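>>> What follows is a predicted protein model with its sequence.
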Amino acid sequence: MDEPHTTAGQRAAAASGRPRRVVVGVAGSIAAYKAPFVIRLLRQAGHEVKVVATESALRFIGAPALAAVSGQAVSTGVFDDPAAVEHVAVAEWAELVLVAPASADLLARARAGRADDLLTATILATGAPVVLAPAMHTRMWLNPATRDNVAVLRERGLTVIEPDRGRLTGKDSGVGRMPEPEQIVSRSLAVLQGEFGNDDAVEPNGSSRLLTGRHVVISAGGTREPIDPVRYLGNRSSGRQGCALAVAAVEQGARVTLVQAHVASELLDALPAGVTVVAAGTAHDMLRAVREAARDADAVIMAAAVADYRPLAAATTKIKKSAPTTSDRRNEAPMSIELTTNPDILAGLVTDPPRAGQVVVGFAAETGDDDGDVLFHGAAKARRKGAHLLAVNAVGEDLGFGDVPNAVVVLDARGSEVARGQGSKMEVARLLIGLTADLMGGS
Ligand code: C5P
């Protein structure tokens, strides 16, 4: 085996203090060939390693190789040595459980609390920190089932390292590659020291993040189109989805400009460093602010509810209620306001991009009607607007607006389904940022 580049891993390991007892779990992924490098880095740094492999891992890498590099026999099943009650003994022995690679199936079994082999039983029984380094095809990683499993595992306090992007097995490339062994080791030892806690997506050196060095413009909230100095035409958008997108983009290392229309200050105050907030009250303000910010942006995500129409002319003084001509109120004259069309910011970003090659993403809050269901209207809108991605969600009394779970179907410019996601606005945001990053490709 070639000597891996060890400097970063060794530095982190040396900084981790006393030797630790580490269980290295190996699951069934082609990336299992990298497990010996992880083990070797840990041992070079003075840590004791016991390898627990799944049955399918051993189809990718032989037990003798893992035993040789770890210096201990490799265990697989709960019944390999029943007298030793291995699943409890190994779990108790461990000061850290590091699974590299963690396959989609392993994540699903860990999330379900399965204990049908020694690795899942150890994860279930241990009191030690558990770090999972996923490796799988992009579509498996971005699948809502996996996103959901990862979110639940993180909520429970397990650390799931973000996979790298790059060449995958076969001709495909995208997010899903297992990070390099030295990154995995330094991240794991940092977790052991409590340095990063469960700050899941944040890598120590930022190198595994999908959007490092990228600028993403996100619009949020709902525009208000003045009728007169005190009245406006508005909508119920809270801006939560746009703020969640900003957080998810920053998690992935992006610099974000959030162009916000009437988003509550509590939401804006909670945004992380790395988000520059620009206020834009009306559709026209938003058009100007988005296009200005987008001049050096790699992606623009229009999450704001922009009014399609505005009053043709906003009155400069408060419009007075017209006095009834008689005491009979049924004779009151009807009031009408003439509206004119607002520019479609999203469509304009597609037909006249402020910067060539930028990825454009929109949202479509839809309701079904006699002509067709939510997806029918969503697909028509996707084709009309031409954005790279359009996240369609159903809007009802309790769906889509406010602090409630969201469900989206993501369509491409032809109206074909790319992905589906369901859950909190943060989960939907992470799904969309992953898909957007994927379209952006490498820098
Ligand atoms: O047409 P509709 O309002 O449903 O389209 C929704 C998408 O288009 C959102 O991404 C929204 O931000 C964007 N939009 C826009 N300019 C408009 C209206 C909508 O950019 N005038």
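Arrived safely, thanks for sending.
>>> L66 should be in a helix, yeah?
Yes. Per DSSP: H, G, I helix; E, B strand; the rest coil, L66 lies within a helix segment.
>>> any chance you could map the helices in the stretch 301-443 of the chain?
345-351, 374-385, 425-440 (DSSP state H, counting those that start in this stretch).
>>> so which of those helices comes closest to G281?
Nearest to G281, of all the helices of the stretch 301-443 of the chain, is helix 345-351, at 14.1 Å by CB to CB. C-beta: built from backbone N, CA, C; applies to glycine.
>>> Give me every residue in the stretch 301-443 of the chain lying close to the ligand.
Proximity of the stretch 301-443 of the chain to the ligand, by CB under 6 Å from any ligand atom, involves residues 302, 304, 306, 308, 342, 344-346, 362-364.
>>> returning to what we had before: between the helices of the stretch 301-443 of the chain, which one is closest to Y33.
helix 425-440 (24.7 Å).
>>> roughly how far is that closest one from the heart of the chain?
Relative to its parent chain, helix 425-440 has a centroid offset of 5 Å by CA atoms, centre = their mean, to the nearest Å.
>>> contacting residues around it?
Residues outside helix 425-440 that contact it (CB atoms under 8 Å, 6 or more residues apart in numbering) are 138, 141-142, 144, 147-148, 151, 165, 174-175, 210-211, 214, 216, 240-241, 244-245, 247-249, 251-252, 298-299, 301, 359, 361, 388-389, 391, 405-408, 410, 418-419, 421-422.
>>> export that helix as CSV, just CAs?
These are the backbone C-alpha positions of helix 425-440, laid out as CSV (Å, rounded to 0.1, in the frame of the first residue of the first chain):
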residue,chain,number,x,y,z
LYS,A,425,-37.8,24.2,5.5
MET,A,426,-34.2,23.5,6.5
GLU,A,427,-34.3,20.0,5.1
VAL,A,428,-35.9,21.3,1.9
ALA,A,429,-33.3,24.0,1.8
ARG,A,430,-30.4,21.5,2.1
LEU,A,431,-31.9,19.4,-0.7
LEU,A,432,-32.2,22.4,-3.0
ILE,A,433,-28.7,23.7,-2.2
GLY,A,434,-27.3,20.2,-2.9
LEU,A,435,-29.1,20.1,-6.3
THR,A,436,-28.0,23.7,-7.1
ALA,A,437,-24.4,22.9,-6.2
ASP,A,438,-24.5,19.9,-8.4
LEU,A,439,-25.6,22.0,-11.4
MET,A,440,-22.8,24.5,-10.6
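>>> Buried members of the residues of the stretch 301-443 of the chain next to the ligand into PyMOL, please.
Buried residues within these, by 16 or more other CB atoms under 10 Å, are selected in PyMOL with:
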select buried, resi 302+304+306+342+344+345+346+362+363+364
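>>> Output the residues of the stretch 301-443 of the chain next to the ligand in TSV; the columns should cover pLDDT and distance to R288.
Formatted as TSV, these follow (pLDDT from 0 to 100; distance: CB to CB, whole Å):
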residue	pLDDT	distance to R288
M302	98	14
A304	98	13
V306	98	13
D308	96	18
N342	98	13
D344	98	14
I345	98	10
L346	98	15
G362	98	18
F363	96	20
A364	94	23
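>>> So what does the residue lying closest to H87 once chain neighbours are set aside look like in phi/psi?
Excluding its sequence neighbours, the residue lying closest to H87 (CB to CB, 6 or more residues apart in numbering) is A121, at 3.6 Å. Dihedral pair for A121: phi -60, psi -40, per degrees, to the nearest 10.
>>> so how many other residues sit close to A121?
Applying other CB atoms under 10 Å, we find 20 other residues in the vicinity of A121.
>>> Show me the domain layout of the protein.
Following the TED database, one finds the domains of the chain at 21-193, 215-311+339-442.
>>> picking that back up, from the helices of the stretch 301-443 of the chain, which stretch is densest packed?
helix 425-440 (a mean of 23; mean count of other CB atoms under 10 Å).
>>> Now L339: closest residue in space that isn't a chain neighbour?
Excluding the flanking residues, the one nearest L339 by CB to CB, 6+ apart is Y309, at 3.9 Å.
>>> G28 too?
Nearest residue to G28 in three dimensions, chain neighbours excluded: S56, at 2.8 Å (CB to CB, 6+ apart).
>>> show me what contacts the one you found?
Listed by CB under 8 Å, 6+ apart, the contact set of S56 reads 27-28, 103, 105.
>>> Pick the one among those closest to A273.
Nearest to A273 among the contacts of S56 is S103, at 34.9 Å by CB to CB.
>>> these two touch, right, the closest one and M136?
Yes. The criterion here is CB atoms under 8 Å, and S103 meets it with M136 at 6.1 Å.
>>> Give me the common contacts of those two.
Jointly contacting S103 and M136 under the rule CB under 8 Å, 6+ apart are S29.
>>> The two: who's more crowded?
M136 (28 against 25).
>>> thought the more buried one was touching L106?
No. Using CB under 8 Å, M136 is not in contact with L106; the gap is 9.6 Å.
>>> for stretch 114-130, which positions count as buried?
Going by 16+ other CB under 10 Å, stretch 114-130 has these buried residues: 115, 117-123, 125-126, 128-130.
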